[in-house]
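**Student:** Quick one, what's the 3D model for this:
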Amino acid sequence: MIKETRPAVVEPSRWTFSVDGKPLSLDEFLETYRRQGIFFEGKEQWLKGVSKVTWDNFFLVCTEELDDISQRAAKMLIQYCLEIVEDVVSRIRGPITTTKIADAMKREFDEQYDNAIYQFEWAMRHEAVRDAVTNAAMNRWEK
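**Tutor:** As a prediction, the model looks like this:
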């Protein structure tokens with residue numbers, strides 16, 4: 001059975017990436033990680049023409065080793081992960097909590113490369129992606 005999903009549109013104003021719930025843009029958040037030297041800073045020929053992560057180009061942007069994730073790639077991965085969260089949330093009934101989101105994601109997980117939750121879990125192995133998505137979800141639903 002194939003689940004029909006509508007593409008989620010991530011509205012930047014809905015998300016803040018700070019640990020204390022205060023407004024912090026994604027670019028400001030990523031800058032703190034760039035200063036720590038976490039991102040790859042070389043040429044990214046493999047990302048030429050890529051402006052958005054989708055299920056079919058995911059592994060071009062998010063490699064197995066995660067050692068070539070640039071700040072630009074991390075930003076696209078975070079936005080993709082937030083789209084996945086938005087899509088999962090759209091199918092949850094009742095009040096939304098991060099626990100409900102995690103439970104729904106566990107139910108939809110399938111260890112297949114084209115499974116969005118599998119790709120989400122894959123991207124969440126990167127420290128900046130994991131921290132940004134976690135902070136954003138906590139700031140939005142755990143008030």
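**Student:** Please count neighbours and contacts with C-alpha atoms only from this point.
**Tutor:** Noted.
**Student:** so what's Leu26 closest to, chain neighbours aside?
**Tutor:** Phe17 (6.2 Å; Cα to Cα, 6 or more residues apart in numbering).
**Student:** burial of that neighbour, as a residue count?
**Tutor:** The burial count assigned to Phe17 is 25, neighbours taken as other Cα atoms under 10 Å.
**Student:** for the strand or helix carrying Ala137, packing partners?
**Tutor:** Here Ala137, judged by DSSP states H and E, is contained in helix 127-141. For helix 127-141, the elements it packs on are helix 26-35, helix 71-89, helix 98-108, judged by 3 or more Cα pairs under 8 Å, 6 or more residues apart in numbering; DSSP states H and E.
**Student:** Met138 is nearest to which of the ones you listed?
**Tutor:** Among the helices and strands packed on helix 127-141, the nearest to Met138 by Cα to Cα is helix 98-108 (6.8 Å).
**Student:** how distant is the closest one from the center of its chain?
**Tutor:** Relative to the chain's own centre, helix 98-108 is displaced by 15 Å; criterion: Cα atoms, centre = their mean, to the nearest Å.
**Student:** Show residues contacting that helix.
**Tutor:** Contacts to helix 98-108, defined as Cα atoms under 8 Å, 6 or more residues apart in numbering, come from residues 85, 88-89, 92, 117, 137-138, 141-142.
**Student:** try it again with 10 Å
**Tutor:** With contact meaning Cα atoms under 10 Å, 6 or more residues apart in numbering, helix 98-108 is reached by 3, 84-86, 88-89, 91-94, 97, 109, 115-118, 120-121, 134, 137-142.
**Student:** tilt between it and helix 127-141?
**Tutor:** Counting by axes from the mean of the first three to the mean of the last three Cα atoms, to 10 degrees, helix 98-108 points 120 degrees away from the direction of helix 127-141.
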